[in-house]
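Visitor: fold the following.
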Amino acid sequence: MSSVTAREHRIPTDVGELAVLELGHPDAPVLVLRHGIFLDRELWRPIGERYASTHRVVLIDAPGHGASGDPGREYSVQDDARASIQIMNALGIERATLIGHSWGGMSSLRVALDHPDRVVALGLVNTPLAPRTAAERRRYRTLVALLMAIGAPRWYGRQIVAALFDPAARGSEIALRMIEQVRTANRRVLARAMRAVLVNPDDVSDRLGELRIPLLAVAGRDDYVLDAAAAAMLAERVPQARIEHVPGDHVTPVEQPSALAALLDELVARR
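Guide: Predicted coordinates for the structure are as follows:
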């Protein structure tokens with residue numbers, strides 16, 4: 001296989017023009033990696049570079065995040081999932097293993113449900129599976145209202161980091177990058193993403209039984225998204241699900257990169 005190459009794209013989608021970075025050989029098996037809210041594709045760069053010698057790796061900046069544009073209107077996680085398919089189509093990708101963190105996992109799950117013929121395997125990292133409770137929706141609406149009222153000074157970003165990252169990872173490059181990105185973001189753009197992902201995500205938990213592909217769900221032991229109830233639901237409904245807990249909280253790619261890489265190696269090998 002030829003040496004690793006990097007290619008930048010800007011691809012029009014239903015949720016704006018999204019920035020896409022490709023690594024690796026264009027004829028190799030494909031991995032598509034999506035990041036979570038308040039982050040960008042740099043979250044996945046170490047994993048992407050790890051696989052670039054053997055895979056075609058596609059790293060996508062979510063709408064309104066990183067170098068991507070924004071649709072200028074309200075959108076949904078389902079709209080974002082369609083963007084993944086639009087990017088695959090634009091790049092001539094028929095099938096891929098999808099790996100997503102948090103929002104990226106929510107989006108990738110919906111791709112797998114709506115386009116099962118396009119997905120080889122699915123990695124859900126720190127990904128919410130259960131529907132939002134009324135209390136969660138109220139809490140997130142308050143965060144959006146606060147953002148719109150005062151913007152996002154550094155203390156706002158630090159509060160988000162404290163809520164998502166294990167204490168040992170709160171000084172990491174990715175955590176500090178999150179604080180700065182939240183601080184400098186256009187508040188309306190960020191609020192649209194928060195409403196789509198945190199306040200109003202559609203519930204697809206009753207469709208999990210449709211999945212017939214290898215699936216890895218991994219989260220930190222302190223991360224609420226893969227608690228005992230969510231893990232039991234996934235194990236019951238998805239025949240090929242593997243559920244793993246590692247030390248840490250909601251940003252496993254930063255908190256436990258080696259453990260996550262080992263688990264992803266096994267998922268990626270199942271093609």
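
Visitor: measure the nearest residue to Pro257 once chain neighbours are set aside to Leu263 for me?
Guide: Nearest non-adjacent residue to Pro257, counting by CB to CB, 6 or more residues apart in numbering: Pro46, 6.3 Å away. (Glycine included, C-beta is placed from N, CA and C.) Remark: distance between Pro46 and Leu263 (CB to CB, to the nearest Å) = 15 Å.

Visitor: more neighbours, these two?
Guide: Comparing Pro46 with Leu263 by other CB atoms under 10 Å, the one with more neighbours is Leu263, at 20 against 14.

Visitor: who's in contact with whichever strand or helix holds that one?
Guide: Here Leu263 sits within helix 257-269, counting by DSSP states H and E. Outside helix 257-269, the residues within contact range by CB atoms under 8 Å, 6 or more residues apart in numbering are 29, 31, 46-47, 50-51, 55, 97, 99, 121, 123, 125, 214, 216, 218, 242, 244, 246-247, 252-253.

Visitor: now, of the residues you listed, which are buried?
Guide: For the contacts of helix 257-269, a burial check counting by 16 or more other CB atoms under 10 Å picks out 29, 31, 47, 50-51, 55, 97, 99, 121, 123, 125, 214, 216, 218, 242, 244, 246, 252-253.

Visitor: tell me which residues of the helix holding Leu263 come out buried.
Guide: Leu260, Leu263, Leu264, Leu267, Val268.

Visitor: go on, stretch 109-124?
Guide: For stretch 109-124, a neighbour-count test (16+ other CB under 10 Å) marks 109-115, 118-124 as buried.

Visitor: quick check: the farthest pair among these?
Guide: The span of the buried residues of stretch 109-124, defined through CB to CB, is set by Asp114 and Gly123 at 17.6 Å.

Visitor: relative to Ile160, how far out is Arg183?
Guide: According to CB to CB, Arg183 stands 11 Å off from Ile160.

Visitor: average pLDDT for the helix holding Leu263?
Guide: Average pLDDT, helix 257-269: 96.

Visitor: now that helix - C-alpha only, PDB.
Guide: Extracted in PDB, the C-alpha atoms of helix 257-269 (Å, rounded to 0.1, in the frame of the first residue of the first chain):
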ATOM      1  CA  PRO A 257      -7.100   6.000  24.400                       C
ATOM      2  CA  SER A 258      -5.200   2.800  24.600                       C
ATOM      3  CA  ALA A 259      -8.100   0.700  26.000                       C
ATOM      4  CA  LEU A 260     -10.400   2.200  23.400                       C
ATOM      5  CA  ALA A 261      -7.900   1.500  20.600                       C
ATOM      6  CA  ALA A 262      -7.700  -2.100  21.600                       C
ATOM      7  CA  LEU A 263     -11.500  -2.500  21.500                       C
ATOM      8  CA  LEU A 264     -11.800  -0.700  18.200                       C
ATOM      9  CA  ASP A 265      -9.100  -3.000  16.700                       C
ATOM     10  CA  GLU A 266     -11.400  -6.000  17.400                       C
ATOM     11  CA  LEU A 267     -14.400  -4.200  15.900                       C
ATOM     12  CA  VAL A 268     -12.600  -3.100  12.800                       C
ATOM     13  CA  ALA A 269     -11.200  -6.600  12.200                       C
END
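
Visitor: quick one: that helix to chain centroid distance?
Guide: Offset of helix 257-269 from its chain centre (CA atoms, centre = their mean, to the nearest Å): 16 Å.

Visitor: sorry, back to before: of the buried residues of helix 257-269, closest to Met88?
Guide: The closest of those, once distances to Met88 are taken by CB to CB, is Val268, at 17.1 Å.

Visitor: ok, Pro26 to Ala162 distance?
Guide: Counting by CB to CB, the separation of Pro26 from Ala162 is 41 Å.

Visitor: just the strands in the stretch 151-271 of the chain please.
Guide: Applying DSSP state E, counting those that start in this stretch to the stretch 151-271 of the chain gives strands spanning 215-220, 241-246.
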